[in-house]
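Enquirer: no sequence on this one, just coordinates:
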């Protein structure tokens with residue numbers, strides 16, 4: 001579902017009315033506007049040439065353009081109000097209301113489940129409710145004196161980057177909702193209870209969760225229409241143009257997520273068609289084509305009605321099942337695309353046939369029309385070619401496969417791999433395997449060093465041996481990436497699934513790389529209010545490229561963060577007497593229903609963290625500097641020097 005134009009806007013219908021006769025439209029009492037609340041309807045406007053040739057040509061063009069610009073800005077305000085009410089439902093009703101209110105509070109369900117479903121929706125809600133909406137309301141109230149909105153959007157558009165985390169997490173959030181709706185009757189009852197409330201508008205939790213994904217493309221459409229109507233010499237034109245560039249980038253991420261959701265819906269329909277017997281609902285699967293076809297019997301050549309389902313990696317050959325209600329199919333054969341061959345048959349007696357041959361089975365198929373045959377052949381050939389291209393790329397695997405975030409400092413580069421001994425990372429600085437991101441333990445998940453790159457990996461990810469030139473060409477334990485680069489072929493498809501082709505998590509940002517270009521980083525002790533766990537020591541980083549996000553790592557060299565905290569809307573302060581932090585140099589950040597306590601090793605470290613977190617919570621620009629530990633060491637050296645001089 002691409003976000004495209006779908007009809008005229010309210011701004012067009014009022015384009016003839018001069019701006020001085022247009023009152024500020026008030027939202028309806030129920031908070032809804034026709035075709036405005038969903039955030040997916042679009043704006044399409046007539047061209048300037050159409051305006052000039054309209055029957056209202058007596059009205060000056062400037063006045064008509066001015067009124068249309070006002071209407072677009074007014075529409076942005078109205079949709080923003082409706083959108084904030086939807087965010088309120090997600091954050092304050094579904095996510096964080098007390099248990100007595102019947103919502104998914106953190107005391108009723110595991111914290112990782114609630115955070116996994118709602119991600120950073122709290123920060124998104126605070127940004128729109130406290131920053132963007134008030135700015136739009138104030139501007140529309142003084143429109144006669146300051147008729148523009150581009151400057152507001154240009155100032156606040158950079159903060160829309162926070163949607164990236166929500167969009168990346170969206171697939172996992174949908175999976176969690178579906179899983180808990182099936183497995184937990186309490187979860188299902190609470191969600192259904194809230195959905196029946198009038199303010200939910202008879203819409204499901206999943207529908208409301210999709211609204212933030214759809215909102216960014218909505219801004220893009222409104223801003224395009226605004227620019228289209230704005231004269232080139234208008235004071236706001238440059239601001240609006242810059243805003244559109246910033247928003248367009250964020251909109252592409254949202255459109256990608258919407259397309260992924262469409263693919264998931266298609267997979268779910270096929271899953272139901274097969275009676276839930278085939279494990280196909282996976283983000284890596286892509287449905288290419290499906291439909292009825294005739295299969296020719298190998299014994300007597302008779303035709304049988306069958307159903308084919310083509311995915312990016314396999315072809316399912318299905319037979320009908322007898323059902324009283326609804327058509328269902330059973331999978332008779334699975335043919336992998338790997339090794340599949342396609343041959344077009346030519347027989348006068350049996351027209352429109354083609355042969356699909358795979359490692360598991362061969363099928364002679366007959367289409368009902370020539371067009372149907374052509375479509376199937378093109379789809380299967382394209383799938384085979386794409387698979388072969390992927391294999392060819394993989395077989396020519398080199399160091400380009402290595403993500404720079406996963407390359408430890410002082411490790412050999414591509415040309416030196418195996419020829420020069422690496423600088424091993426200290427084991428105590430890593431708590432997770434640097435390949436599969438599973439936590440280490442002393443019994444079943446012990447630490448090992450890759451002798452080629454120096455990564456600290458688990459036994460499963462380093463059960464490969466390759467000859468290293470720097471060690472007199474002796475076989476050494478290496479990780480799967482180095483084995484593939486040194487030997488030239490992967491060890492096994494199963495190993496590839498768990499390492500190279502594994503889906504990246506939104507928390508996979510190597511701590512050492514983030515710390516090198518950070519606004520702030522140091523060890524702190526932390527504790528979450530109401531979580532039931534005591535103080536824990538961790539490595540905290542605010543990256544320079546994400547200055548509004550706090551990453552929490554188990555150790556300074558971990559390749560995956562334990563948690564990320566979007567800081568926009570948080571307030572940083574010293575604990576109150578009722579907090580009882582029980583540690584020296586404590587401070588806290590709080591927002592709505594979430595409070596996190598921290599404890600530093602000294603007063604100066606405490607002061608600097610409070611300053612940085614306060615500025616990030618207000619959305620102010622932050623500049624990178626050297627790590628806090630280095631800075632404190634420098635201050636200590638200066639103090640010692642001054643003491644000696646004294």
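Expert: Everything's here; your move. Worth saying up front: this structure is predicted, and the values here are computed from it rather than measured.

Enquirer: So the residue lying closest to residue 361 once chain neighbours are set aside, which state does it fall into?
Expert: Ranked by CB to CB, 6 or more residues apart in numbering and with sequence neighbours excluded, the top spatial neighbour of residue 361 is residue 333, at 4.7 Å. All C-beta atoms are positioned from the backbone trio N, CA, C, and that covers glycine. The local conformation at residue 333, judged by DSSP: H, G, I helix; E, B strand; the rest coil, is strand.

Enquirer: Residue 91 - how many residues pack around it?
Expert: 21 (other CB atoms under 10 Å).

Enquirer: any idea how far residue 158 is from it?
Expert: Note on residue 91: its distance to residue 158, by CB to CB, to the nearest Å, is 22 Å.

Enquirer: List the contacts of residue 111.
Expert: By CB atoms under 8 Å, 6 or more residues apart in numbering, the residues touching residue 111 are 528, 531.

Enquirer: and it, backbone torsions?
Expert: Phi and psi for residue 111, reported as degrees, to the nearest 10, are phi -60, psi -40.

Enquirer: And residue 228, by the same measure?
Expert: phi -60, psi -30.

Enquirer: cool, and residue 580?
Expert: phi 50, psi 70.

Enquirer: how many neighbours does it have?
Expert: 9.

Enquirer: got it, and residue 612?
Expert: 21.

Enquirer: what does residue 338 give?
Expert: 15.

Enquirer: so residue 601 sits in a helix?
Expert: No. Read with three-state DSSP, residue 601 is coil and lies in no helix.

Enquirer: What ranges does the stretch 251-400 of the chain have for its strands?
Expert: Taking DSSP state E, counting those that start in this stretch to define them, one finds strands in the stretch 251-400 of the chain at 287-296, 303-311, 314-321, 328-336, 341-344, 353-357, 362-366.

Enquirer: Looking at those strands, which is nearest to residue 473?
Expert: Closest to residue 473 of those, according to CB to CB: strand 328-336, at 37.2 Å.

Enquirer: Residue 552 is in what secondary structure piece?
Expert: strand 549-553 (DSSP states H and E).

Enquirer: can I see the domain layout of this structure?
Expert: 63-273, 287-392, 411-492, 511-618 (the TED database).

Enquirer: Output the contacting helices and strands for the strand holding residue 552.
Expert: helix 511-516, strand 536-543, strand 563-566 (3 or more CB pairs under 8 Å, 6 or more residues apart in numbering; DSSP states H and E).

Enquirer: weakest of the ones you listed in terms of mean pLDDT?
Expert: When these are compared by mean pLDDT, helix 511-516 comes last with a mean of 61.

Enquirer: Next secondary structure after it?
Expert: Reading on from helix 511-516 to the C-terminus, the next helix or strand found by DSSP H and E is strand 518-528.

Enquirer: where's stretch 427-436 relative to the chain centroid, distance-wise?
Expert: Remark: stretch 427-436 is offset 24 Å from the chain centroid, using CA atoms, centre = their mean, to the nearest Å.

Enquirer: low-scoring stretches of the stretch 351-500 of the chain, by residue?
Expert: 393-415, 423-424, 426, 428-429, 442-444, 491-500 (pLDDT under 70).

Enquirer: one step back: show me what the residue nearest to residue 361 bridges to in the sheet.
Expert: Note on residue 333: beta-bridge partners by DSSP bridges are residue 317.

Enquirer: Pretty sure residue 145 sits in a strand.
Expert: No. Secondary structure of residue 145 (three-state DSSP): coil, not part of a strand.

Enquirer: How about the backbone phi and psi for it?
Expert: Residue 145 has phi and psi values of phi -90, psi -30 when expressed as degrees, to the nearest 10.

Enquirer: Can you report how many residues lie near it?
Expert: Neighbours of residue 145 (other CB under 10 Å): 7.

Enquirer: now swap in residue 370 and tell me
Expert: Residues lying near residue 370 (other CB under 10 Å) number 10.

Enquirer: likewise residue 488?
Expert: When neighbours are defined as other CB under 10 Å, residue 488 has 11 of them.

Enquirer: before we move on, what about residue 186?
Expert: As a burial measure, residue 186 scores 11 neighbours (other CB under 10 Å).

Enquirer: where's it, which helix or strand?
Expert: Secondary structure from DSSP H and E places residue 186 in helix 185-195.

Enquirer: Check which residues of that helix are buried.
Expert: For helix 185-195, the buried set under the neighbour-count rule, 16 or more other CB atoms under 10 Å, comprises 187, 190-191, 194-195.

Enquirer: go on, stretch 130-141?
Expert: 131-133, 135-136, 139-140.

Enquirer: still on that earlier bit, what's the average pLDDT for the strand holding residue 552?
Expert: The pLDDT scores in strand 549-553 average 85.

Enquirer: ok, residue 595 - contacts?
Expert: Residue 595 makes contacts with 528-530, 588-589, as judged by CB under 8 Å, 6+ apart.

Enquirer: Adjacent strands (with direction) for the strand holding residue 552?
Expert: strand 536-543 (antiparallel), strand 563-566 (antiparallel).

Enquirer: re the thing from before, and of the strands of the stretch 251-400 of the chain, who's closest to residue 419?
Expert: Of all these, strand 328-336 comes closest under CB to CB, at 37.9 Å.

Enquirer: Which residues are in contact with the residue nearest to residue 278 when sequence neighbours are not counted?
Expert: Among residues not flanking residue 278 along the chain, residue 331 sits closest, at 5.6 Å (CB to CB, 6+ apart). The contact partners of residue 331, by CB under 8 Å, 6+ apart, come to 274, 277-278, 316-318.

Enquirer: Go through the buried residues of stretch 130-141 and say which is closest to residue 594.
Expert: The closest of the buried residues of stretch 130-141, once distances to residue 594 are taken by CB to CB, is residue 131, at 18.5 Å.

Enquirer: check contacts around the nearest residue to residue 376 once chain neighbours are set aside.
Expert: Distances taken as CB to CB, 6+ apart place residue 367 nearest to residue 376, at 6.2 Å, with adjacent residues excluded. Listed by CB under 8 Å, 6+ apart, the contact partners of residue 367 are 293-294, 352-354, 373, 376.

Enquirer: which one of the domains of the chain has the lowest average pLDDT?
Expert: Least confidently modelled of those is domain 411-492, at a mean of 77 by mean pLDDT.

Enquirer: what's the distance between the closest residue to residue 336 other than its chain neighbours and residue 358?
Expert: In space, and not counting its chain neighbours, residue 336 is closest to residue 314: 5.4 Å by CB to CB, 6+ apart. Per CB to CB, residue 314 is found 9 Å from residue 358.

Enquirer: Give me the common contacts of these two.
Expert: Contact criterion CB under 8 Å, 6+ apart; residues bridging residue 314 and residue 358 by contacting each: 335-336.

Enquirer: tell me how far the host helix or strand of residue 113 is from the chain's mean position?
Expert: According to DSSP H and E, residue 113 maps onto helix 111-118. In terms of CA atoms, centre = their mean, the centre of helix 111-118 is set 15 Å apart from its chain centre.

Enquirer: So for stretch 599-615, what gets flagged as buried?
Expert: For stretch 599-615, the neighbour count (16+ other CB under 10 Å) marks 599-601, 605-606, 608-610, 612-615 as buried.
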